[in-house]
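*Asks:* prediction below, plus the sequence it came from.
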Amino acid sequence: MDLRDQIKQTLKENKKDKGFGDTFERFTTFTGIKRLVKWIYGDEDCGCDRRRDLWNKWFPYKNNKC
């Protein structure tokens with residue numbers, strides 16, 4: 001899947017971010033940083049998912065329900 005397809009898929013998902021980790025992942029996907037990291041690490045785990053979950057836990061967004 002190339003970068004344009006990844007961006008289109010992410011936009012179609014239209015999900016709300018749970019915290020800063022989700023926002024940062026979206027940023028790295030749009031800028032191509034995530035693709036570069038995957039290219040460097042290959043099949044090896046780079047820790048992106050673990051970092052995203054940790055940042056979501058540390059910096060969650062508040063859900064304001066009226």
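*Replies:* The structure has been received and is ready for your questions.

*Asks:* let me see the confidence value for residue 57.
*Replies:* pLDDT, residue 57: 93.

*Asks:* try residue 64
*Replies:* Residue 64 is given a pLDDT of 49.

*Asks:* same check on residue 60?
*Replies:* 91.

*Asks:* how much space between residue 19 and residue 43?
*Replies:* 27 Å (Cβ to Cβ, to the nearest Å). For every residue, glycine as well, the C-beta is placed using N, CA and C.

*Asks:* quick one, which of those two is more surrounded?
*Replies:* residue 19 (18 against 5; other Cβ atoms under 10 Å).

*Asks:* correct me, but the more buried one touches residue 57?
*Replies:* Yes: here residue 19 lies in contact with residue 57, judged by Cβ atoms under 8 Å, at a distance of 7.2 Å.

*Asks:* for the chain, which residue occupies the most central location?
*Replies:* With distances taken as Cα atoms, centre = their mean, residue 25 lies nearest the centre of the chain, 2.2 Å away.

*Asks:* these two touch, right, that residue and residue 34?
*Replies:* Yes: with contact defined as Cβ under 8 Å, residue 25 reaches residue 34; the gap is 7.2 Å.

*Asks:* between those two, which contacts overlap?
*Replies:* residue 48 (Cβ atoms under 8 Å, 6 or more residues apart in numbering).

*Asks:* give me the low-pLDDT residue ranges for the protein?
*Replies:* 1, 10-15, 63-66 (pLDDT under 70).

*Asks:* show me where it has its strands.
*Replies:* Counting by DSSP state E, the chain forms no strands at all.

*Asks:* returning to that earlier point: look up how far residue 43 lies from the residue nearest to the centre of the chain.
*Replies:* Residue 25 is 19 Å from residue 43, where distance means Cβ to Cβ.
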